[in-house]
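1. need a 3D model of the following:
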Amino acid sequence: MPEDKGQFDVAYVAHLARLQLTDAEMTQFSSQLQNILSYVTKLNELDVSNVEPTAHAVPLTNVLRKDEARPSIDRERVLANAPETARDLFIMPKIVE
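-> Below you'll find the predicted structure:
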């Protein structure tokens with residue numbers, strides 16, 4: 001059984017992921033996990049009551065144009081480029097057998 005909770009968490013996740021870790025890897029990943037959790041604990045100590053929640057670090061705006069109906073290319077002109085058509089459709093050779 002692993003010695004501390006961090007090693008237990010690493011062993012549990014490794015088991016779920018079907019990974020076989022060496023003792024050295026267990027120690028390394030346990031240490032890294034502990035560093036991450038310590039940093040999160042430090043972040044939890046910050047007063048963020050006046051900070052507005054954000055989804056992105058940089059505000060993003062939609063750069064797409066409005067979806068409005070507008071005239072398109074004339075159907076007959078488009079179909080005139082096709083080698084073969086039928087009932088306003090392109091006729092293509094069969095490519096799947």
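
2. and Glu25, that's in a helix?
-> Yes - assessed with DSSP: H, G, I helix; E, B strand; the rest coil, Glu25 lies in a helix.

3. and the gap between it and His15?
-> 14 Å (C-beta to C-beta, to the nearest Å). (C-beta placed from N, C-alpha, C; glycine too.)

4. and for Val78?
-> Relative to His15, and taking C-beta to C-beta, Val78 is found at 58 Å.

5. can you count the residues close to Gln34?
-> 16 (other C-beta atoms under 10 Å).

6. for Phe8, same thing?
-> Neighbour count of Phe8, defined by other C-beta under 10 Å: 14.

7. let me know the helix or strand that it is in.
-> Using DSSP states H and E, the element containing Phe8 is helix 5-16.

8. what's the answer for Asn35, then?
-> Taking DSSP H and E as the definition, one finds Asn35 inside helix 23-44.

9. can you check Val78 too?
-> Assigned by DSSP H and E, Val78 falls in helix 75-79.

10. name the next helix or strand downstream of that helix, please.
-> Counting by DSSP H and E, the element after helix 75-79 in chain order, helix or strand, is strand 85-86.

11. quick one: strands adjacent to that following strand?
-> strand 89-90 (antiparallel) (DSSP bridges).

12. for the strand it pairs with, give me every contacting residue.
-> The contact list for strand 89-90 (C-beta atoms under 8 Å, 6 or more residues apart in numbering) reads Leu79, Ala82, Glu84.

13. who wins for most neighbours among the residues you listed?
-> Highest neighbour count within the contacts of strand 89-90, by other C-beta under 10 Å: Leu79, with 14 neighbours.

14. skipping adjacent residues, who's closest to that one in space?
-> Residue nearest to Leu79 in three dimensions, not counting chain neighbours: Thr85, with 4.8 Å by C-beta to C-beta, 6 or more residues apart in numbering.
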